[in-house]
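[1] model the following, please.
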Amino acid sequence: MSKLIKKAEDFVFNLFKNELDQNFIYHNYTHTERVLRSTREIIKNTDVSKKDAETLELAALLHDTGYTKTREGHEEESVKIATAFLKDQGADDKTIEAVTSCIMATKFKDSPKTELGKIIRDADSSHFGKKYFNEASEFLRKELEIQGIAKYTPSEWVNENIKVLTQKHEFYTDYALKNWQPRKEKNLSKLIKTKKKRKRKLKKEELKAKYKAQYKNESPERGIQTFYRVALRNHIKLSDIADTKANILLSVNAIIISLVLSNLISKLDSPSNSYLIYPTLIFVVSSVISMILSIIATRPNVTSGEFTKEDVEQKRVNLTFFGNFHKMKLEEYQWAITELLKDKNYVYSSLTKDLYFLGKVLDRKYRILRTTYTIFMLGMVISVIAFIISFKVHRPKDDLKDIIGFETQQKNDTKSLLETDYMV
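    Alright, predicted model coming up:
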């Protein structure tokens with residue numbers, strides 16, 4: 001290895017370490033080393049002069065230095081950096097021209113014109129014919145994505161690589177054609193297989209999704225199950241609402257009766273408060289009736305909780321409701337459920353019965369609750385009206401009597417006091 005090559009290696013290593021953006025995960029010193037190894041591999045197996053070999057190695061080392069300045073047109077920048085470096089090292093103009101010509105030959109869009117250009121071009125794209133092709137390709141895809149140049153999905157990148165290997169790339173030297181072309185074809189074959197595999201997988205997933213959606217739309221089972229699930233949930237919610245309403249009425253009327261017993265009943269003993277009897281009676285009776293109806297609405301019905309084998313065999317018993325089996329033994333109930341599950345129509349029949357009787361219970365609850373709320377509302381209104389009428393009609397007369405009685409008592413007391421003073 002010449003001193004100039006050694007200095008070039010050190011120069012490129014330090015340049016990439018200090019000035020190359022970390023986003024270049026493919027076009028970095030690792031890639032430069034690979035190109036240099038591939039260049040030396042071709043030189044070793046090709047009739048190349050010592051001077052040309054040095055030129056090729058210098059070009060391999062310096063061909064990507066322009067990435068420290070720009071991505072677009074990096075070859076031109078690499079030429080400038082290589083020219084400045086070689087001049088500093090005292091290289092002659094012929095060497096500089098040969099190196100820069102090789103660097104420009106790495107332009108992928110242009111075909112190389114010289115033998116040295118073909119060698120450096122094959123070395124630069126040697127990864128297409130190497131085992132590490134997939135690794136290098138993935139680093140290039142990620143570099144393009146990180147820098148915001150292009151974003152490829154794995155499938156799109158496979159297609160892009162197939163396009164490059166079949167339409168845009170070719171090896172030019174005899175050595176590359178003999179030694180790297182077979183591996184390139186093997187890499188291409190793997191890409192095509194991967195594409196076909198992904199295509200089959202995608203087609204399979206699309207077909208699976210299509211049949212799944214078709215089955216979901218056409219299968220009556222799912223619709224039937226959804227119907228029963230929604231209907232039962234709605235019935236249970238409505239039953240909870242009815243129970244809550246009944247509990248509210250119970251609580252309110254209990255509070256009302258407690259207040260009446262503690263405040264009004266104790267005052268009805270006095271003859272002067274007799275006018276409050278009827279309004280209070282209306283108030284209490286309406287509250288008591290409301291409480292009784294609320295209790296009736298929420299009171300559970302007691303069922304037998306038993307069934308026979310004949311009932312199950314003839315499908316007369318609804319096993320989805322606890323009231324029909326709560327007194328049965330576990331073994332008998334398990335047997336009945338097993339028989340139920342054997343017949344899909346029996347299952348749906350039981351669910352239908354459950355829905356029907358839940359509906360009947362709800363109808364009873366809401367009818368009683370409607371009556372209860374009506375009585376409670378009318379009782380409140382009539383009680384308030386009765387209290388107002390009682391105060392308007394009865395209270396003034398009582399007040400007048402009290403006033404007259406008070407004045408008469410005052411006169412009598414005054415008269416008695418004067419008589420007593422006179423006697424004294």
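
[2] would you list the phi and psi of the closest residue to Lys130 other than its chain neighbours?
    Take Lys130 and drop its neighbours on the chain: the residue closest to it by Cβ to Cβ, 6 or more residues apart in numbering is Arg183, 6.4 Å away. Every residue, glycine included, has its C-beta placed from N, CA and C. Main-chain dihedrals, Arg183, degrees, to the nearest 10: phi -70, psi -40.

[3] now do Lys329
    Torsion angles, degrees, to the nearest 10, at Lys329: phi -80, psi 160.

[4] not counting residues beside it along the chain, what's closest to Lys184?
    Nearest non-adjacent residue to Lys184, counting by Cβ to Cβ, 6+ apart: Gly129, 4.1 Å away.

[5] quick one: the one you found and Ile25, what's the gap?
    Noted for Gly129: a distance of 22 Å to Ile25, by Cβ to Cβ, to the nearest Å.

[6] more neighbours: which of the two?
    Between Gly129 and Ile25, counting by other Cβ atoms under 10 Å, Gly129 is the more crowded of the two (23 against 16).

[7] and the strands in the stretch 301-424 of the chain, which stretches?
    In the stretch 301-424 of the chain, no strands are found when defined by DSSP state E, counting those that start in this stretch.

[8] which residues in it form helices?
    In the stretch 301-424 of the chain, the helices defined using DSSP state H, counting those that start in this stretch lie at 309-313, 330-342, 344-393, 395-423.

[9] next, count neighbours for the nearest residue to Leu341 once chain neighbours are set aside.
    Spatial nearest neighbour of Leu341, excluding adjacent residues (Cβ to Cβ, 6+ apart): Val347 at 6.7 Å. By other Cβ under 10 Å, 15 other residues sit near Val347.

[10] what do you get for Asp110?
    Neighbours of Asp110 under the rule other Cβ under 10 Å: 12.

[11] now stretch 337-345: average pLDDT?
    Computed over stretch 337-345, the mean pLDDT rounds to 82.

[12] kindly report the same for stretch 152-163.
    What stretch 152-163 shows for mean pLDDT is 91.

[13] state the mean pLDDT of stretch 261-275.
    So the average pLDDT for stretch 261-275 ends up being 70.

[14] thought the residue nearest to Lys184 was touching Lys178?
    No. Counting by Cβ atoms under 8 Å, Gly129 sits too far from Lys178 to count as a contact (10.4 Å).

[15] just to revisit the earlier point, report the contact partners of the residue nearest to Lys130.
    Gly129, Lys130, Lys131, Phe133 (Cβ atoms under 8 Å, 6 or more residues apart in numbering).

[16] and for the last one, the neighbour number?
    Using other Cβ under 10 Å, Phe133 has 21 other residues around it.

[17] please apply the same query to the second one.
    When counting by other Cβ under 10 Å, one arrives at 17 neighbours for Lys130.

[18] any figure for the gap between it and Ala136?
    In terms of Cβ to Cβ, Lys130 sits 8 Å off from Ala136.

[19] same check on Ala242?
    Applying Cβ to Cβ, the value for Ala242 to Ala136 is 73 Å.

[20] now do Leu341
    Distance, Leu341 to Ala136, using Cβ to Cβ: 61 Å.

[21] cool, Thr55 as well?
    Look at Thr55 and Ala136: by Cβ to Cβ, they are 25 Å apart.

[22] okay, those two: which has more neighbours?
    Under the neighbour definition other Cβ under 10 Å, Thr55 and Ala136 were set side by side, and Thr55 has more, 24 against 17.

[23] which helices and strands does the strand or helix carrying that one pack with?
    Using DSSP states H and E, Thr55 sits in helix 50-62. Here helix 50-62 touches helix 3-19, helix 29-44, helix 74-88, helix 93-104, helix 115-124, going by 3 or more Cβ pairs under 8 Å, 6 or more residues apart in numbering; DSSP states H and E.

[24] other SSEs contacting the third one?
    Right, the one you point to is helix 74-88. Checked by 3+ Cβ pairs under 8 Å, 6+ apart, helix 74-88 has helix 3-19, helix 50-62, helix 93-104 packed alongside it.

[25] how far off centre is the second one?
    Relative to the mean C-alpha coordinate of its chain, helix 50-62 is positioned 58 Å out (Cα atoms, centre = their mean, to the nearest Å).

[26] follow-up on the earlier one: what angle separates the helix holding Thr55 from helix 115-124?
    40 degrees (axes from the mean of the first three to the mean of the last three Cα atoms, to 10 degrees).

[27] now do helix 50-62: everything it contacts.
    Contacts for helix 50-62 (Cβ under 8 Å, 6+ apart): 2, 4-5, 8-9, 12, 32, 35-36, 38-40, 43, 48, 78, 81-82, 85-86, 95, 98-99, 102-103, 106, 116, 119-120, 123-124.

[28] hmm, which of the residues you listed are the buried ones?
    Buried members of the contacts of helix 50-62, counted by 16 or more other Cβ atoms under 10 Å: 4-5, 8-9, 12, 32, 35-36, 38-40, 43, 48, 78, 81-82, 85-86, 95, 98-99, 102-103, 106, 116, 119-120, 123-124.

[29] got the domain boundaries for this protein?
    Domain segmentation of the chain under automatic domain parsing yields 3-208, 221-393.

[30] point out the most buried one among the ones you listed.
    By mean neighbour count, with neighbours taken as mean count of other Cβ atoms under 10 Å, domain 3-208 ranks first of the domains of the chain at a mean of 17.

[31] got a pLDDT number for the closest residue to Phe133 other than its chain neighbours?
    Leaving out its chain neighbours, the residue that sits closest to Phe133 by Cβ to Cβ, 6+ apart is Asn187, at 4.6 Å. Here, the pLDDT recorded for Asn187 equals 93.

[32] for Asn187, give its distance to Thr194.
    From Asn187 across to Thr194, the span is 11 Å (Cβ to Cβ).

[33] picking that back up, which one of the helices and strands packed on helix 50-62 lies closest to Arg141?
    With Cβ to Cβ, the closest approach to Arg141 among the helices and strands packed on helix 50-62 belongs to helix 29-44: 14.1 Å.
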